[in-house]
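1. Need coordinates for the below:
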Amino acid sequence: ASIAPGDRQLKEQVRRMRDQLPASHVDYRFRSVAGFYRAPTLFKVNQRLSKVRMTDAALGGATNKLKSIGFLYERGPTSTGAGLAWTATAAAYLNFVEDPESGDIRRNTGVHEVAHTFGRAHAVFQDQGALGSVGVCGSKFNDLVSPYHPFIEDTGIFNWIANGIHTSIATTWPTIGPLDQGPDDEVWGFSPRAHANGSGFGHLVIVDPRFSAELMSYCDIPGAAQDRWVSTFSYDKLNGRLRTAQHGPTRAPQGGFSTELFLVTGAYNEDTEEFELEPITRLDGIDPGNDPGEVHVALLDAGGSEIASRDVLLLQDGNHPGLSDGPAPDPPAFIAVIPVSAGQTPVAVAVTLDAQEIVRATASANPPTVTITSPTGAMVASGTIPIAWNAEDLDGDTLYTTILLSTDNGASWETIGVDVEGSSYDAPTDYLEGSNSAIIRLLVSDGFHTTEVTSPSFTLDAGYPLAFIDNPVNGIAVEYDETLRLRGDAWDPEDGLLDG
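-> Below is the predicted model:
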């Protein structure tokens, strides 16, 4: 089965974010990213998205306000959990999410993970235990929790019948508002989308606080249509963070557009119990900077002296260190973009954590040789861009390719693939702008050295606009003289959200 969700499923995630995030407008763009050859783990998705973000930023195309969210249709056999978030990226599986036409809006997993990227921790309470514990509904306590979720309520006894079997459980969970201060102070949720006349989601309009847990909890309530919804507490916290993100400064590029940069990424391998480096990529661009952290990544010359370095964050599962029981956190990782001054030639990289070297890599003798064979100048790419190249390495190193696309004859670039193995890739054009002067650029790495090649200019047919009808839904019956509300929107690869 395909690991990629369809257009309709992606748009469903946008709708959910509009329902619950404190924002009048949610701008978005769909993208496909090459480099996955099997169903990846959520950790691997975040790792690849981080690399795409940093490559785009080095090419002048990303800011620290952008969030990158990866959605997968099927959970892989080695994966755990339903979602995973880092500081600017998140990933979630959608096989927990029912088709929207069924009227089921369960889990809201994507919104939960996006909220993590805006600093929201899990909904826990002080009595849940010390750092490293798992509490109500399995949510993880962590050092980001401040203050605690204020609404941990006992909603009584919950009864439901499934497959003829009656089940009854005591229900204490993080709620969307207080339940012990009288009916005048109770908080009920409201879904604007479900409220649309004739939407088919009428049973989802009102979110009952006794049957819907807080968005940032792990609670799955049997039989509930909206079993997670944003609380007043989380809504206010997200609102403050979004206002800061909207009006705060964007990280300014450091230096000019001709800076030589080394993109160094790595992660802890739980099988070998060691940190390992991913293929290092060299490119010319701007220095996007890094948020400072505890990992020191240094480029070394032939004598072993440090010639350039960066201190970067250790990226972890929502910053859940020291988890002693319950689901284990994913392994930590790091990503650094390091500028190098003209005339300096790094031949090794060394990474230290807590003053201990955790991994080192040394350049081999020879860089790879590469020629690009497709696309050609006479090509008109439609549906896919057939990208092919010949690459060799005298040292026998495995080669990995980053694929860049320009639709304005090289004035700007975007990343459409990272760490691609092999010598070809058919890039889908569904979400790409059309162009009469498109160019493909390949950055082929042997693990340390990078060789760059560029294609001739070719013609790229634009991806199609994506139109979505929210209302009416399939099968609706409209009575004579009844008002029928029409609701929908559209997104275009060239023009973004369409209106009018």
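2. what sits against the closest residue to Lys237 other than its chain neighbours?
-> Closest residue to Lys237 apart from its sequence neighbours, by C-beta to C-beta, 6 or more residues apart in numbering: Arg120 at 6.1 Å. C-beta: built from backbone N, CA, C; applies to glycine. Taking C-beta atoms under 8 Å, 6 or more residues apart in numbering, we find Arg120 in contact with 216, 234, 237-238, 241.
3. Give me the pLDDT value at the spatially most central residue of the chain.
-> Taking C-alpha atoms, centre = their mean, the centroid of the chain lies closest to Ile69, which sits 2.5 Å from it. At Ile69, the pLDDT value in this model is 89.
4. Any chance of TSV for the contacts of Arg120, columns distance to Met54?
-> Output for those, formatted as TSV (distance: C-beta to C-beta, whole Å):
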residue	distance to Met54
Met216	27
Ser234	29
Lys237	27
Leu238	25
Arg241	22
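5. from the residues you listed, which is closest to Pro178?
-> The shortest gap between Pro178 and any of the contacts of Arg120 belongs to Ser234, at 14.1 Å (C-beta to C-beta).
6. list the buried ones in the host helix or strand of the closest one?
-> Here Ser234 sits within helix 232-247, counting by DSSP states H and E. Buried residues in helix 232-247, counted by 16 or more other C-beta atoms under 10 Å: 233-235, 237-238, 241, 245.
7. Now the element after the helix or strand of the chain with the lowest mean pLDDT, going C-ward?
-> Least confident helix or strand of the chain, by mean pLDDT, DSSP states H and E, is helix 192-195 with a mean of 61. Per DSSP H and E, helix 192-195 leads on to strand 206-207 as the next helix or strand towards the C-terminus.
8. Packing partners of that next one?
-> Strand 206-207 sits against strand 189-190, with contacts defined as 3 or more C-beta pairs under 8 Å, 6 or more residues apart in numbering; DSSP states H and E.
9. So what's the residue count around the nearest residue to Asn409 once chain neighbours are set aside?
-> Nearest residue to Asn409, sequence neighbours excluded (C-beta to C-beta, 6+ apart): Ser437, at 3.9 Å. Using other C-beta atoms under 10 Å, Ser437 has 14 other residues around it.
10. What of Val52?
-> Around Val52 there are 23 other residues, counting by other C-beta under 10 Å.
11. Please report phi then psi for it.
-> Val52 adopts backbone torsions of phi -60, psi -40, taken as degrees, to the nearest 10.
12. Tell me how far it lies from Ile439.
-> In this view, Val52 and Ile439 are 18 Å apart by C-beta to C-beta, to the nearest Å.
13. same thing with Glu113?
-> Counting by C-beta to C-beta, the gap from Glu113 to Ile439 is 34 Å.
14. now swap in Val297 and tell me
-> Val297 is 31 Å from Ile439, by C-beta to C-beta.
15. swap in Glu452?
-> From Glu452 over to Ile439 the distance is 12 Å, taken as C-beta to C-beta.
16. Looking at these two, which one has more neighbours?
-> Neighbour count, other C-beta under 10 Å: between Glu452 and Ile439, Ile439 has more, with 21 against 15.
17. Find the residue closest to the more buried one in space, skipping its chain neighbours.
-> Take Ile439 and drop its neighbours on the chain: the residue closest to it by C-beta to C-beta, 6+ apart is Ser406, 4.5 Å away.
18. Could you pull up the residues touching that neighbour?
-> Contacts for Ser406 were tallied using C-beta under 8 Å, 6+ apart; they are 412-414, 438-439, 441.
19. got a winner among those for most neighbours?
-> Neighbour tally across the contacts of Ser406 (other C-beta under 10 Å): the maximum, 26 neighbours, falls on Ala438.
20. Touching, that residue and Leu405? I think so.
-> Yes: the criterion here is C-beta atoms under 8 Å, and Ala438 meets it with Leu405 at 6.8 Å.
21. Quick one: residues contacting the spatially closest residue to His112 that is not a sequence neighbour.
-> Spatial nearest neighbour of His112, excluding adjacent residues (C-beta to C-beta, 6+ apart): Leu215 at 5.8 Å. Leu215 makes contact with 20, 108, 111-112, 115, 123, 176, 228-231, 234 under the criterion C-beta under 8 Å, 6+ apart.
22. can I get these in CSV with secondary structure?
-> Conversion of those to CSV gives the following (DSSP: H, G, I helix; E, B strand; the rest coil):
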residue, secondary structure
Gln20, helix
Asn108, coil
Val111, helix
His112, helix
Ala115, helix
Ala123, coil
Ile176, coil
Arg228, strand
Trp229, strand
Val230, coil
Ser231, coil
Ser234, helix
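23. Closest one of those residues to Asp284?
-> Comparing the contacts of Leu215 against Asp284 with C-beta to C-beta places Ala115 closest, at 36.4 Å.
24. what number of residues lie near that closest one?
-> Neighbours of Ala115 (other C-beta under 10 Å): 25.
25. Next: Ala342.
-> Using other C-beta under 10 Å: Ala342 sits among 7 other residues.
26. What separation is there between it and Val297?
-> Between Ala342 and Val297 the computed distance is 20 Å (C-beta to C-beta).
27. Over to Ile221?
-> 44 Å.
28. do Val478 as well
-> Per C-beta to C-beta, Val478 is found 62 Å from Val297.
29. Name the residues of stretch 53-63 that are buried.
-> 53-59, 61-63.
30. before we move on, what about stretch 358-372?
-> Within stretch 358-372, the residues scored as buried using 16+ other C-beta under 10 Å are 358-359, 361, 363-364, 367-368, 370, 372.
31. between these, which is nearest Ala391?
-> Nearest to Ala391 among the buried residues of stretch 358-372 is Val370, at 4.6 Å by C-beta to C-beta.
32. so after the helix or strand encompassing that closest one, what's the next helix or strand?
-> Per DSSP H and E: Val370 is located in strand 369-374. Note on strand 369-374: by DSSP H and E, the next helix or strand toward the C-terminus is strand 380-381.
33. elements contacting that next one?
-> Secondary-structure packing of strand 380-381 (3+ C-beta pairs under 8 Å, 6+ apart): strand 458-460.
34. What is the distance between the strand it packs on and the centre of its chain?
-> Offset of strand 458-460 from its chain centre (C-alpha atoms, centre = their mean, to the nearest Å): 29 Å.
35. Could you give the average pLDDT over that strand?
-> Computed over strand 458-460, the average pLDDT equals 94.
36. same deal with stretch 395-402?
-> For stretch 395-402, mean pLDDT is 95.
37. mind checking the end-to-end distance for it?
-> By C-alpha to C-alpha, to the nearest Å, the extent of stretch 395-402 from end to end equals 20 Å.
38. what comes up buried for it?
-> Using 16+ other C-beta under 10 Å as the burial criterion, the residues of stretch 395-402 that qualify are 397, 399-402.
39. and which of those residues is nearest to Asn471?
-> Thr402 (42.2 Å).
40. which residue packs closest to that closest one, ignoring adjacent ones?
-> Distance criterion C-beta to C-beta, 6+ apart; nearest residue to Thr402, sequence neighbours excluded, is Leu443 at 4.2 Å.
41. ok, now how distant is that neighbour from Val453?
-> Here Leu443 is placed at a distance of 9 Å from Val453 (C-beta to C-beta).
42. Looking at the two, which has the bigger crowd around it?
-> Between Leu443 and Val453, counted using other C-beta under 10 Å, Leu443 has the larger neighbour count: 22 against 17.
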